[in-house]
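1. here is a sequence with its predicted model. Questions after.
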Amino acid sequence: MKTDVEELSPTRVRLTVEVPFEELKPSLDHAYREVGRQVRIPGFRPGHVPRPVLDQRVGRGAVLEHAINDAVPELYAKAVQDAHVSALGQPDVEITKLDDGTEIAFTAEVDVRPTFELPDLAGVTVVVDDADVSPDQVEEYLGALRERFATLRAASRPAESGDYVSIDLSAQVDGKAVEDAQATGVSYEIGSGTMLDGLDEALEGMSADETATFQTQLAGGQLEGSQADVTVTVRSVKVKDLPELDDDFAQSASEFNTVGELRSNTRKQMETMRKAGQAGQARDRAIEALLTRIDMPLPENLVEHEIEHRRESLQRDLDQAGLTLEGYAESRQLSSADIEKEVADEVRRSVKARFILDQFAEQEDLTVEQDEIGQYITQLAYQSGVSPDQFARQLTSSGQLAAVVSDVLRSKAADLLAERVKITDESGRKITVGAQDEEGADDAGPDAEPAETEEPAADAEPPKSRPARRGGRAAAKEDAAAKPKSRTRRGRKDAEQADEEAEAE
């Protein structure tokens, strides 16, 4: 088999393939068997019709067409391999020559991966956020923790902003009750502004069993936007009592004996999480740095296909949400043309990033292990709410398993990119992530630790202990998702020392 390659553009080639007829013999034999099974000729059993009879009754041309359709995909794949072409997507194939018994030839036009050079990563510097945690941020978290343990107690005074009230609501439009605007026993925090305009002002100064009426615009229902007279009756007024931030609170809300221990451990947990966040930022910003440094042509057929796929996905999401593209654009203060451009720009950026990661993975001889694929499939299955086995079967049956392998490989390439570039935080301190950090863990100072992604949320579990340090983005995410480990209570001497450390900070 002979293959010639013609470059049509930097991202598209034409393969001209010439195949000696004898190489078509296995496919021709298979074609005769298949055609022989399908036809019914008197005097012959299906599948046992002699070839000359088939040529006479069906036609040699029909058999050759069947054989060529069967052979071309495999011949094309071999031509791509022999020519060392990085083909993308499906080719446009045309049979250009069919000399029965001598030779066949065909052309295949296909998009290819663009050629480009990766810069020296040692010369690439990215900046990530500082991982420092201020005393105010620690207190903000502890304040949120106190909110979780707050209690409500009845108040005998008129309601004030910040109080919780139980109320009944009823609305009328033009003197007629609005059926879907009636409610009883609604709990509401005055000043939160989460219900009707004018409600907060009406409630302030009201006592239990008092009623008031105010005018407002209905925010939902069949008469949304209509001006309505709303009657509100206060059934009870309660105030929120926050627990004191003391040792008793520390013991009831966490695994610690003293508030000093709780405060100190909270700071350490937040620092660990922020340092892991630096690792994620390093990955994203290393890729972004290469995107700005590397100029490459993109295969337009591939880009247009992905843009169309992204449009369809966006439209499905909008349909499920009961929105139109125009309404979605208006909610973001954009035009439909702006949304279209946003989709196209994001697709081009994504395609370019994939090419960069694929080439880097090849350059570094990265491979994917079976357990890594299994872990990734398990994660996707969990997000989809199905069992890993079922999800794996779905991927296999839909032919998407190769895409999963590519995703895992690109993720490993992104991790390695973050290790190869120079990373500093906003204060100019050197940061290392991944394998570099593991190697230097014994010698590294506080500026060289890996890190987590975000601060504890207000409804997060109380901090208990610092997770063990592990390299890599996947390990950092796992640490972030896991509950902090429990620890034994310290003695009074250690507790006092922790209090002194917290006060010194």
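-> Cool, the structure landed. Numbering: from 1, shown residues only.
2. quick one, strands of this protein?
-> 2-9, 12-20, 87-99, 103-112, 125-128, 151-154, 164-173, 176-189, 211-217, 227-241, 422-425, 430-431 (DSSP state E).
3. in CSV: those strands, plus mean neighbour count, distance to Ala62 and mean pLDDT.
-> Heads up, the C-betas are built off the backbone N, CA and C, glycines and all. Output for the strands of the chain, formatted as CSV (neighbours: other C-beta atoms under 10 Å; distance: least, C-beta to C-beta, whole Å; pLDDT from 0 to 100):
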stretch, mean neighbour count, distance to Ala62, mean pLDDT
strand 2-9, 13, 27, 92
strand 12-20, 18, 20, 92
strand 87-99, 14, 13, 89
strand 103-112, 20, 16, 92
strand 125-128, 18, 62, 94
strand 151-154, 10, 84, 92
strand 164-173, 18, 75, 94
strand 176-189, 13, 68, 90
strand 211-217, 13, 74, 93
strand 227-241, 17, 76, 94
strand 422-425, 18, 65, 94
strand 430-431, 19, 68, 91
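4. which one of those strands lies closest to Phe360?
-> strand 125-128 (15.4 Å; C-beta to C-beta).
5. what pairs with the closest one, parallel or antiparallel?
-> Here strand 125-128 is paired, per DSSP bridges, with strand 422-425 (parallel).
6. coming back round to it: and the strands of the chain as JSON lines, adding distance to Ile41?
-> Output for the strands of the chain, formatted as JSON lines (distance: least, C-beta to C-beta, whole Å):
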{"stretch": "strand 2-9", "distance to Ile41": "39"}
{"stretch": "strand 12-20", "distance to Ile41": "31"}
{"stretch": "strand 87-99", "distance to Ile41": "26"}
{"stretch": "strand 103-112", "distance to Ile41": "28"}
{"stretch": "strand 125-128", "distance to Ile41": "73"}
{"stretch": "strand 151-154", "distance to Ile41": "90"}
{"stretch": "strand 164-173", "distance to Ile41": "82"}
{"stretch": "strand 176-189", "distance to Ile41": "74"}
{"stretch": "strand 211-217", "distance to Ile41": "82"}
{"stretch": "strand 227-241", "distance to Ile41": "83"}
{"stretch": "strand 422-425", "distance to Ile41": "75"}
{"stretch": "strand 430-431", "distance to Ile41": "78"}
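7. which stretch among the ones you listed comes nearest Arg293?
-> strand 125-128 (11.6 Å).
8. show me how far the closest one is from its chain's centre.
-> Taking C-alpha atoms, centre = their mean, to the nearest Å, the mean C-alpha location of strand 125-128 is offset from the chain mean by 22 Å.
9. same question, stretch 60-77
-> Between the centre of stretch 60-77 and the centre of its chain there are 42 Å (C-alpha atoms, centre = their mean).
10. CA atoms of it as PDB?
-> Extracted in PDB, the C-alpha atoms of stretch 60-77 (Å, rounded to 0.1, in the frame of the first residue of the first chain):
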ATOM      1  CA  ARG A  60     -19.500  -8.100  -9.700                       C
ATOM      2  CA  GLY A  61     -19.900  -4.400  -9.100                       C
ATOM      3  CA  ALA A  62     -22.200  -4.800  -6.100                       C
ATOM      4  CA  VAL A  63     -19.800  -7.300  -4.500                       C
ATOM      5  CA  LEU A  64     -16.800  -5.000  -5.100                       C
ATOM      6  CA  GLU A  65     -18.700  -2.100  -3.600                       C
ATOM      7  CA  HIS A  66     -19.500  -4.200  -0.500                       C
ATOM      8  CA  ALA A  67     -15.800  -5.200  -0.200                       C
ATOM      9  CA  ILE A  68     -14.500  -1.700  -0.600                       C
ATOM     10  CA  ASN A  69     -16.900  -0.300   2.000                       C
ATOM     11  CA  ASP A  70     -15.700  -3.000   4.300                       C
ATOM     12  CA  ALA A  71     -12.000  -2.500   3.600                       C
ATOM     13  CA  VAL A  72     -11.600   1.300   3.400                       C
ATOM     14  CA  PRO A  73     -11.900   2.100   7.100                       C
ATOM     15  CA  GLU A  74      -9.100  -0.300   8.000                       C
ATOM     16  CA  LEU A  75      -7.000   0.800   5.000                       C
ATOM     17  CA  TYR A  76      -7.500   4.500   6.000                       C
ATOM     18  CA  ALA A  77      -6.400   3.700   9.600                       C
END
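11. Asp180 and Asp174, how far apart?
-> 16 Å (C-beta to C-beta, to the nearest Å).
12. for the strands of the chain, which one sits closest to Leu409?
-> strand 87-99 (16.2 Å).
13. that closest one packs against which elements?
-> strand 12-20, helix 60-82, strand 103-112, helix 300-320 (3 or more C-beta pairs under 8 Å, 6 or more residues apart in numbering; DSSP states H and E).
14. including distance to Pro52, could those go into TSV?
-> Listed next are the helices and strands packed on strand 87-99 as TSV, based on distance: least, C-beta to C-beta, whole Å:
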stretch	distance to Pro52
strand 12-20	24
helix 60-82	10
strand 103-112	22
helix 300-320	45
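15. figure out which of the ones you listed is closest to Arg40.
-> Closest among those, once you apply C-beta to C-beta, is helix 60-82, at 15.3 Å.
16. what's around the closest residue to Arg274 other than its chain neighbours, how many residues?
-> Closest residue to Arg274 apart from its sequence neighbours, by C-beta to C-beta, 6 or more residues apart in numbering: Ala131 at 4.0 Å. By other C-beta atoms under 10 Å, 25 other residues sit near Ala131.
17. state the distance from Val421 to Glu117.
-> For Val421 relative to Glu117 (C-beta to C-beta), the value is 16 Å.
18. out of these two, which sits in the busier spot?
-> The residue with more neighbours, out of Val421 and Glu117, is Val421; 21 against 8, by other C-beta under 10 Å.
19. OK, contacts around the more buried one?
-> Val421 is in contact with Leu121, Ala122, Val124, Thr125, Val126, Ala282, Ala286, Ala289, counting by C-beta atoms under 8 Å, 6 or more residues apart in numbering.
20. and the first one, how many neighbours does it have?
-> Here the number of neighbours of Leu121 (other C-beta under 10 Å) works out to 17.
21. rewinding a little: how about the helices and strands packed on strand 87-99, which one is nearest Leu245?
-> Across the helices and strands packed on strand 87-99, closest to Leu245 is helix 300-320 (C-beta to C-beta), at 43.9 Å.
22. report the buried residues of that closest one.
-> By 16 or more other C-beta atoms under 10 Å, the buried positions in helix 300-320 come out as Asn301, Leu302, Val303, His305, Glu306, Ile307, Arg310, Arg311, Leu314.
23. so Val303 touches Arg348, yeah?
-> Yes: contact criterion C-beta atoms under 8 Å: Val303 and Arg348 qualify, at 6.1 Å.
24. thinking again about what came up before, and Val49, which of the helices and strands packed on strand 87-99 is closest to it?
-> Closest of those to Val49 is helix 60-82, at 11.3 Å (criterion: C-beta to C-beta).
25. which residues are in contact with that closest one?
-> 1, 3, 15, 17, 19, 23-24, 26-28, 30-32, 34-35, 54-55, 87, 91, 93, 95, 98, 100, 104, 106, 108, 110.
26. domain boundaries for this structure, per the record?
-> Listed domain ranges for the chain are 2-112, 114-149+255-293+349-505, 151-241 (source: automatic domain parsing).
27. possible to save those domains as TSV with distance to Ser335?
-> Shown next, in TSV, are the domains of the chain (distance: least, C-beta to C-beta, whole Å):
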stretch	distance to Ser335
domain 2-112	30
domain 114-149+255-293+349-505	21
domain 151-241	25
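28. what about the residue nearest to Leu314 when sequence neighbours are not counted, how many neighbours?
-> Computed as C-beta to C-beta, 6+ apart, the closest residue to Leu314 that is not its neighbour in sequence is Val343, at 6.7 Å. When counting by other C-beta under 10 Å, one arrives at 17 neighbours for Val343.
29. nice, that's everything, thank you.
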